[in-house]
Structure formats: structure tokens, C-alpha cells
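Predicted structure and sequence below. I'll ask about it afterward.
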Amino acid sequence: MAILVEQLLNALALAGLLFLVSVGLSLVFGILRVVNFAHGVFYMLGAYLGFTAVAVSGWFWLSLVVVPPLVGVVGALLEASTLRFIYRRPPIYQLLLTFGLALILEESVRVIYGPTAKGIDPPPLLQGAVEIAGTFYPRYRLFLVVLGIVVGLGVWLFLQRTRTGLVIRAVAQNSEMADCLGANVGRVRTLVFGAACALAGLGGVAAGPMTTAYLGMGIGVIVDAFVVVVIGGLGSIGGSMAGSLIVGAAQTWGAFYLPETAMVIMYAVMGVILIFRPWGLFGEEE
Amino acid sequence: MRRRDFLKTAVAGGIGASLSGAYLQPAWAQNPIKIGLPTVLSGGNAQYGIQAKRACELFGKEINAKGGILGRPVEFIYEDTGSDPATAVRKAQKLVEKDGVKFLTGTVLSSEALAVSAKCPEWKVILMSTINGAGSLTAKAWNRYFFRVNTSGPMGARAVSLYLAEAPMKRFFGLGSDYAWGRDSVASFSTQITAAKKEVVGKDYPPVGTKDFASYIGKIKQSKAEACYMALPGQDATIFFKQAFQFGLTREVKLVTEILELENMKAVGEAMAGTIGSTRYPFTVDTPKNRDFVKRFHAMHGVYPDMFDGETYEGLEWLAQVIQKVGTADDVEKVIDAWEDSSYEGLEGPFFMRKCDHQAVQPGFVVEAVKDPNYPHLIPKILATYPGERVTPKCRTEEFA
Amino acid sequence: MSRTRVLALAALVTLAVLPWALARYQLSILTDLLVFGLFAMSLDLIMGYTGMVSFGHAAYFGLGAYGSALVLIHFGQPVPVALLAGALLAGAVALPVGWFSTRATGIYFAMLTLAFAQLLYTVAYKWRDLTGGSDGIAGVPKTTLFWGGPSLASPRAFYFLVAACVVLSLVACCALVRSPFGRALQAIRENERRFTSLGRDPRPFKLVVFVIAAVFAGLAGALFAPFRGFASPEVMFWLFSGQGLMMVIMGGIGTLVGPVVGAMVFILIQEVLSSYTEHWMIFTGALFVLMVIFLPGGLVGTARRLAGRG
């Protein structure tokens, strides 16, 4: 029983982390129709800046609040200076431009921080373990579950219930019409891209205490994020949640019960889902 | 002749990193002895290539200050392979055919080393391994132009097995990354520890690049193992140590690793105190020669030497000695002949280059990660030293007598 | 003679003469560039002419490399036999993969190709007895041109084999895209819905071109293995697929010869930059961003535009 509870929590914690990373990616695709390959690097940037923030101030909670907007600003600046010129082109161009940005950012992080991984400790409140159903479970992972839910709700509420959210959704549905109706489409795009990067950065800050901040963590997570988003359906927050849960469970339980398949189980699940629903679970037919 | 300029940067505060600078060599550098390094300087494995480079920089500075080898300065040419064997071969070929290099070293991945080593008979250059642990390099895939100065993977597993055979623990779990080195290491350990009448209660192979070891930690707990033998590469090990600590695994299970690196200890911190394992080179070896090396290394680079810093330095020093003795750096065949069956007093102890497979027979160490107030991070305390003959496998094999 | 013909002739002559003009090392780089050029060109067939972006094209290069490596190491056959084996293996695997993947379009298609490619990568990585696992297969020999024929061990001889394969492949692909089949592909790329509404099913076309592209990628891989002497899983990894996409865009999407040029430029830039600085990734990335923004037609596409062609 303890094992089952532990496995369930493992899947949820991993799903929480995956959700934080993928929700931004899904939004950028759904709203901007851009496949942002650099998304993983913003995640990494968040982790490294989180390390610095904790090292300088000693406050993890502070870094959780301060770092994501910083990452968001970096993302917004990059979007405004590069991506915004090529929105009319076929999506492959945007994908490759973000690929180029990813190279630049990744190496820049290495120049600044060096090649050694940076360890970050969870804040005292989240250290240690809690006893649940006969097993000791790390507090920090429970925090990830909660954080994922909170962020998901927050983003959903923002998009559905606020005026800015309404404008964003309008631009997503029909940018020309929204433009005619007075929305500043360019600014909306920059805002969304920046927000998505901020979310990725948040994921990075949250991941730091669990995985350390290390080079290559962006590349390591980007494919997972893509799979989550594709399973869930591009542009859907609920889809990202569903996708995160599915991938989190597949990876965790796959590793435990079917160890030889650990490398491919995520792809197998995605393949099966796409056979039955080629646009993802909550996606829209193109 | 190719020169590289590097930026020298120092950043204050919590952000710390510095890039070493190499300065243009003076015009007297005629007819240098060139050593080429097709190594990894970017991406995830860069920390290993940088170790090789640091050792070269220290060695180069010192030897050239003494007039070089045979009166010729030593010149190092670094190329970045980005952890890709195809690039490694391309860069190695460039070093050999364009730069006229006769000695290659610094290969990081075993797949890179295997690919480059296979070309050495065609190019007639020596590949000196100071990092690669794959057993096959001196067994199945061996050729005359390949020399391994470092402790190999099987040797590391051997040292650990010898130590644990005497230890009170009886039930072991084997956790190896799912690729050649990880699997071979667990297999080697498993064979040896079973021969010592102990039990392997479970094995698991997480994919390379795993960032969440929760399931594996759960399995280890479930198996009721007393100790877990790990063969995980640098970053994966770092993540595992951190998460094992968070799950409280380290309280119940003793962690034992084939390679205990300073890189891990710096990134993980106290959470891995008490971990034991083998190491390719511990900087805590207490001999006058090593203490002096550590001091000079720290003076130049500001950090303590990690495994491959030491191994690479030893390789360079030995190669220099061989070249000095044989009187030529251009006749590769003569250098090979002279290197075979030669001895060398290294930082870690006595080395002997076996003729049959060019594996350097050298002492094996088992160390423990301990806290020491004199150092900013955990250090490897030596628990046991084994003489070379006990830890080196039979010629051209990965098995032990 | 039309301008294209003149250029083509000039290129052929240059390729034929270069081995005597270049140093040994430079010739080997050129051979390398041609191999990757062939890979990029094969990707252009599906990307530029059919509008299908694949994230998993590297898998077919890899299959070609492994197939060729195994034939050469275990059976010692002449190189063309190995080339055939590699190309056919790639094509054979592409058939079921393409069948499944072409059920989806756009990003979903791309992700399916990625999934299959990663699956193949995993097989190569884990099937140690056959593929050498993560260590790969080293020591692949360059054998002969045909049974009892001349050895291909010299750099010049192998260069001519590679150059011949690339030129012939280019000619074949050009013929393909000009044929009715090729025109159908371009119609699909322009507007798939209209194609369907005209009563034609795009799927068989997509499947066939997917397999053909895989065969040429496999040929490139099959040349790679004896040339570099090894095959390893890295050549099947998605990062290499991504680099292929970059080569196509850099050279000029939908021009066939553009991607060949793109591959050469891409690799040369990395070679040169990485010899000058550790931080070559920053410059490569920046160059790439600039190219995507300012030269969307790629090098060849822009050159053609400047030369006044449509």
C-alpha cells in the first residue's frame, strides 16, 4: 500500500513539474502558433537565476517570485527583437529561429555560470519528509504538486476571467479581426511570449532543488514538454494538465514496473493517443 | 600555426566562473611537439574536457619553463567535439592531417574514443586515454596505437568489490545508467561480489539523462538492500544523490559508486557525506609529489584537481618521460616501443604500462566523501589502497584472476 | 545553354578536379560535406516539395549507416552492396513509420516522426549485440568498388564514390520533382485541402515521398559509415534531425541543391568557429537567427532571387 501511494505521489510530483514547463509551450503554440524550441532554455535560465537568487538572498520564496518575471522579460525582449519579424512565415522558420536563440542562451549561461551543476536546497519549510500512508515522502515534491495546480488554475482564471485574457484569446482566434477591433496584436504577442517564458522560468526555479541547475537541463526537458503538449492538444491548458499527468505517470510507473521500456514509454503512449485522436486529447482539428 | 585566444572573466558574488586564458606563445616556439585534444568543451560533458585542458595548461606551463621536451616546446591544440563521435573523428583528423599532431588525448566519451582509436593505425598516431573507462578499449577494440593511462571502469568496479567483500553488508542493489559503461560496471561488480559470497538483490538501469529517480529509489527501498552500487555518469549521479537524500534513502542504504567525483561533491554538498566509492584519482593522496602537484594546481586554477585533472597530468608527464628517454617525438613506432613495459612514478603511486594491452597497471583507491573544514566542499578520504596487480584485469580482457 | 546548365557543368568539373587541388585533410572535409549534403537534400524532398516537416529524418541516416556498417564488417562485401543494404533498410523501415505518421499533419506529424525516430534510436542504443549499443560499431572498413575490383581505401577513390552518389541522387531527385508525381507533391504543399477536394488522396503521395526521402537519407548514412569508419546512435538522435532542418533552411528550402550548399555552409561554419572559440554556439546561433530573419530563401534561394529568377 505504501508503495502504491508513493508511486502515485511520484507521478503527481513529476506531472506538476512537467505541467509548469509545458503550459507555457502550449500557450505559445495555441496563441502565437509558434513552436518555441527555446522554451527549455528558459526553464534552465530560471533554475540558474533561482540558484543565484537563493545564494545572494538566502530566500527561496523570494526567488520563486522574482525570477520568473525576470525570465519573462528576457523572453519578451528576444521576441520583440527577433520573432516579431517573421510571424507571417511558415512555422518552420519560427521553430528554427527559436532553435538559434536556444543555442545562444545555452552557451551564454555556460559562460556566466561555468560547467559545474549548481545545487540548491529547498527552503526549511519544505525540507525533510512527511509520513503518508506508511511511507516517508519528501515535502518538496508535495509542494510541486500543489504549485502545479495553483499555477494551472491561475493561468486558466487569467485567460477566462480577465480583460487582458479576453484580448489574448481574441488574438488567438483571429488576429486580424482583433487588430481591426483595436487590440494591439504585436504587444499581445510579446506579452504572451514573455509570460510563457516566465512560466518556464518558474518551472526552472521549482525544479532546481529537485534536480540541481545544470547545463543541458533545457534540452533534456524540451522533448518531454513537446510530448505533453501534443498529447494534451496544443493551446489547451486542460490538455497540458492531462498530458502532464499521462506523461508523469508513464515515466514514473514505466520506470518502476516496466524498466526496459523507460526510454520509449512516453513516445509509445503519445503514438497510441495520436492514432485515435490525431490532434491530442483536447486539441482542435487544424 | 593555430593560436587560441580566450577571454578571462571573473564574476563576483554568488555567480562564480572563470575561463582560463592562454596567452600567445613567444616566437621561439619553433618546431614544437604538438599534442592534440579532440575533447568536449561545450554542452553537458564539458566539465570533463575542461579537466583535461586544465591539466594540459599546468603541464605545458611547467615543462616549457624548463625548456620543453628534447629542447622543443610542447604545444596543445584543443578542439571541441560536442560529445559527438562523428565530430570527434573529424576533429581528430584535422589535428592529425592539418596540424601534424602525433599524439592525441582528451577524448571524453567512450564512443568517441573507440571511433578515434580505430583510425589511429591508419593515421599512425598515438591515442592516449586519460578519461575513457570502457573495458573494450584495451580488450576487444585494442590496437597498438592506443594507450590507457587511467584507471578503467572494470578496475574501478574491482576496487569497490574488493573493499565491499570485507565489509559487513551482504545485500546489494545495482544501479547503472542504461548504456555501455553503466551496464558493464554493474555486471562486473555483480560477478565479483557474488563470487565473494554476497547477494545482489536487484538491478536497475535508468536511462542516461534521467532527472527523476523517484521510482528507482522506491525500488531500492523495496529490495531491502543494505548498500546500492551505482554506476551513473556525472550529472545523473549528482541528481541521484540529491534525490536519494531527499527521500531519506541515504539513512537506510549505503551508497557506493564506481566513480566518486569532486564535481558531484561540489554540486550536491553534504547530502552525500558518507558515500563511498572508487575514484580514478583522489587529490588527497598523501605523498610529497602529489601534495606538491595539488598545491601548484590550486595556485594556477583556483580549484582542487578532480579525477581527470590528475589522470591527464600523469599521462602527460609519463609521455614526456618516454619521449625524453627515446630521444624522438616524431617516430611514433619508437615511442610506442619505449612506452611498452615502462614504469612511471605517478601522483597516485607506481604505474606500469603493460605491453600486451597498453593498460597502465596502477593502484586502485576506495574513498569516502567526508566533510573537512579546510576545504570548501566535501573531499575524498582514502579508505583503502590496492596495489595495481590486484585491480587490473587479465590482459586484453575485462575479467580478473 | 541556359544558366542552370552552365552552373551545373561548372560544378561538375570543379568536383572532378578538386581532389588534385586540395590537401588531404581538405578533401576529407569535402567528402564529409557531400555526405551531409545528400542527407539535407533528401530532407528537402519532404520539407520543401511536400511541405512535411519531419523531426525524425536522422533515423534513416542512422539506419543506412548501421546497415552499411554491418554488411561491411561481417560480410566484407564491396561498398556498393553495403550502400544498397543501408538505403533499402532505411526505406523498409520508413514504410510502416510513414504509413502511421502520415495519418497526421503539421506539428502532430512532426511529433510522430520524432517518436518513431526516438524509438529507433532506443533500439540502436540498447541492442548491444547487434549495434554495439552506446559505443557504436567502430572499425568499419572501406572495401572495394565491386567484387575483385579496385580498393576504395584511398581518400580520392572514396571521394569520387561519394561525389558520384550525390550527383546521381541530385539528378534523380530533380527528375522526380519535375515529374507529374513531383507536381502533385507541390500541389499538396500549396494547399492540401484543395488537393483533397479535387478528389485525390494525398496520403499515398506523402507516403511514397517519405520513403524515397528515407532511401536517400539512408544512402547518405551508408556512405558515412565506411568513410568515417563507424556507426553510432548519435547519428540517429533528434538533435541531428534538427541540424538537418537547419541545413535545409540555410541553403534554401525547396531548391534541392540549396540544402546541399546549406549543409556545407553549416558544417564549415561550425568547424571554423569551433576552432577559434569555445563559445562558437553563440555565434552559430546568432548567425542562424540572422539568416532566418533576413535570408528566408536561404543562400541558394536568395541567390536565385537576386539573379532575377522566379
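That came through, no problem.

need the residues of the stretch 101-250 of chain A near chain C, please.
The stretch 101-250 of chain A has residues A:101-108, A:111, A:219, A:223, A:226-227, A:230, A:234 near chain C, with proximity defined as CB under 8 Å from any CB of the partner chain. Placement of C-beta: from N, CA and C, glycine included.

Out of those residues, list just those in strands.
In strands, judged by DSSP state E, none of those are found.

Just the buried subset of the residues you listed, written out for ChimeraX, thanks.
Buried residues within those, by 16 or more other CB atoms under 10 Å in any protein chain shown, are selected in ChimeraX with:
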select /A:101,102,103,104,105,106,107,108,111,219,223,226,227,230,234
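
Tell me the one of the residues of the stretch 101-250 of chain A next to chain C nearest B:Ala141?
Taking CB to CB as the measure, B:Ala141 lies nearest A:Ile219 of those, at 29.2 Å.

The residue nearest to that closest one when sequence neighbours are not counted - how many residues pack around it?
Using CB to CB, 6 or more residues apart in numbering or on different chains and skipping residues adjacent in sequence, the residue nearest A:Ile219 is A:Gly40, 6.0 Å away. Using other CB atoms under 10 Å in any protein chain shown, A:Gly40 has 28 other residues around it.

Let me see the contact set for B:Lys221.
For B:Lys221, the contact set (CB atoms under 8 Å, 6 or more residues apart in numbering or on different chains) comprises B:Phe247, B:Leu249, B:Glu252, B:Val253.

Out of those residues, who's the most crowded?
Result: B:Phe247 is most packed of the contacts of B:Lys221 (other CB under 10 Å), 24 neighbours.

these two touch, right, C:Ala124 and C:Asp135?
No. With contacts counted by CB atoms under 8 Å, C:Ala124 stays clear of C:Asp135, the gap being 11.3 Å.

filter the contacts of B:Lys221 by proximity to chain A?
Checking the contacts of B:Lys221 against chain A (CB under 8 Å from any CB), the matches are B:Phe247.

Throw the contacts of B:Lys221 into JSON lines and include pLDDT, thanks.
Listed next are those as JSON lines, based on pLDDT from 0 to 100:
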{"residue": "B:Phe247", "pLDDT": "91"}
{"residue": "B:Leu249", "pLDDT": "93"}
{"residue": "B:Glu252", "pLDDT": "92"}
{"residue": "B:Val253", "pLDDT": "95"}
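
Closest to the centroid, which residue in chain B?
Centroid-nearest residue in chain B, with CA atoms, centre = their mean: B:Ile131, separated by 3.6 Å.

Please name the residues that touch the nearest residue to that one once chain neighbours are set aside.
Distance criterion CB to CB, 6+ apart; nearest residue to B:Ile131, sequence neighbours excluded, is B:Phe308 at 5.0 Å. Contacts of B:Phe308 were listed using CB under 8 Å, 6+ apart, and they are B:Tyr48, B:Gln51, B:Ala52, B:Ala55, B:Thr130, B:Ile131, B:Asn150, B:Arg280, B:Tyr281.

so which helix or strand takes in the second one?
Element membership for B:Gln51, per DSSP states H and E: helix B:46-65.

Of the contacts of B:Lys221, which belong to helices?
Of those, the ones assigned to helices by DSSP state H are B:Leu249, B:Glu252.

so which of the contacts of B:Lys221 would you say is closest to chain A?
Closest approach to chain A among the contacts of B:Lys221 (CB to the nearest CB): B:Phe247, at 5.9 Å.

That closest one - nearest residue in space that isn't next to it in sequence?
B:Ile217 (4.9 Å).

Tell me who's in contact with that neighbour.
With contact taken as CB under 8 Å, 6+ apart, B:Ile217 is in contact with B:Gln243, B:Ala244, B:Phe247, B:Leu249.

burial count for the first one?
This means B:Gln243. Neighbours around B:Gln243, by other CB under 10 Å: 24.

State the number of residues packed around C:Asn191.
Neighbours of C:Asn191 (other CB under 10 Å): 12.

Per-residue confidence, it, what does it come out as?
Per-residue confidence at C:Asn191 stands at 86 (pLDDT).

Chain A versus the residue lying closest to B:Met169 once chain neighbours are set aside, what's the distance?
Spatial nearest neighbour of B:Met169, excluding adjacent residues (CB to CB, 6+ apart): B:Glu226 at 4.1 Å. Between B:Glu226 and chain A the distance is 18 Å, computed by CB to the nearest CB, to the nearest Å.

Touching, B:Glu226 and B:Leu164? I think so.
No. Using CB under 8 Å, B:Glu226 is not in contact with B:Leu164, being 10.1 Å away.

joint contacts of the two?
Counting by CB under 8 Å, 6+ apart, the shared contacts of B:Glu226 and B:Leu164 are B:Phe172.

The two: who's more crowded?
Neighbours per residue (other CB under 10 Å) separate B:Glu226 from B:Leu164, with B:Leu164 holding more: 23 against 18.

and the more buried one, that's in a helix?
Yes. According to DSSP: H, G, I helix; E, B strand; the rest coil, B:Leu164 belongs to a helix.

who touches the closest residue to it other than its chain neighbours in this structure?
Closest residue to B:Leu164 apart from its sequence neighbours, by CB to CB, 6+ apart: B:Ile193 at 6.2 Å. Counting by CB under 8 Å, 6+ apart, B:Ile193 makes contact with B:Ser161, B:Leu164, B:Ala165, B:Phe172, B:Val200, B:Tyr229.

what's the lowest-mean-pLDDT helix or strand in chain A packed up against?
When each helix and strand of chain A is scored by mean pLDDT, DSSP states H and E, helix A:175-180 comes last, with a mean of 79. When contacts are defined as 3 or more CB pairs under 8 Å, 6 or more residues apart in numbering or on different chains; DSSP states H and E, helix A:175-180 sits against helix A:163-173, helix A:185-211.

now what about it, what contacts it?
Here helix A:175-180 makes contact (CB under 8 Å, 6+ apart) with A:Val167, A:Ala170, A:Val171, A:Val185, A:Val188.

starting at the chain centroid, how far to that helix?
With CA atoms, centre = their mean, to the nearest Å as the basis, helix A:175-180 stands 28 Å off its chain's centre.

Could I get the buried residue list for that helix?
Residues A:Ser175, A:Ala178 are the ones in helix A:175-180 that count as buried (16+ other CB under 10 Å).

ditto for stretch A:6-19
A:6-7, A:9-19.

Using JSON lines, please lay out these together with distance to C:Val292 and pLDDT.
Below are the buried residues of stretch A:6-19 laid out as JSON lines (distance: CB to CB, whole Å; pLDDT from 0 to 100):
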{"residue": "A:Glu6", "distance to C:Val292": "47", "pLDDT": "89"}
{"residue": "A:Gln7", "distance to C:Val292": "44", "pLDDT": "90"}
{"residue": "A:Leu9", "distance to C:Val292": "43", "pLDDT": "92"}
{"residue": "A:Asn10", "distance to C:Val292": "40", "pLDDT": "92"}
{"residue": "A:Ala11", "distance to C:Val292": "39", "pLDDT": "94"}
{"residue": "A:Leu12", "distance to C:Val292": "39", "pLDDT": "93"}
{"residue": "A:Ala13", "distance to C:Val292": "38", "pLDDT": "93"}
{"residue": "A:Leu14", "distance to C:Val292": "34", "pLDDT": "94"}
{"residue": "A:Ala15", "distance to C:Val292": "34", "pLDDT": "94"}
{"residue": "A:Gly16", "distance to C:Val292": "34", "pLDDT": "93"}
{"residue": "A:Leu17", "distance to C:Val292": "31", "pLDDT": "94"}
{"residue": "A:Leu18", "distance to C:Val292": "29", "pLDDT": "95"}
{"residue": "A:Phe19", "distance to C:Val292": "30", "pLDDT": "95"}
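
those strands in the chain, which residues are they?
No chain specified, so I'll use chain A. A:129-132, A:135-138.

that's the other chain; I wanted chain C
Using DSSP E, strands in chain C cover C:137-138, C:230-231.
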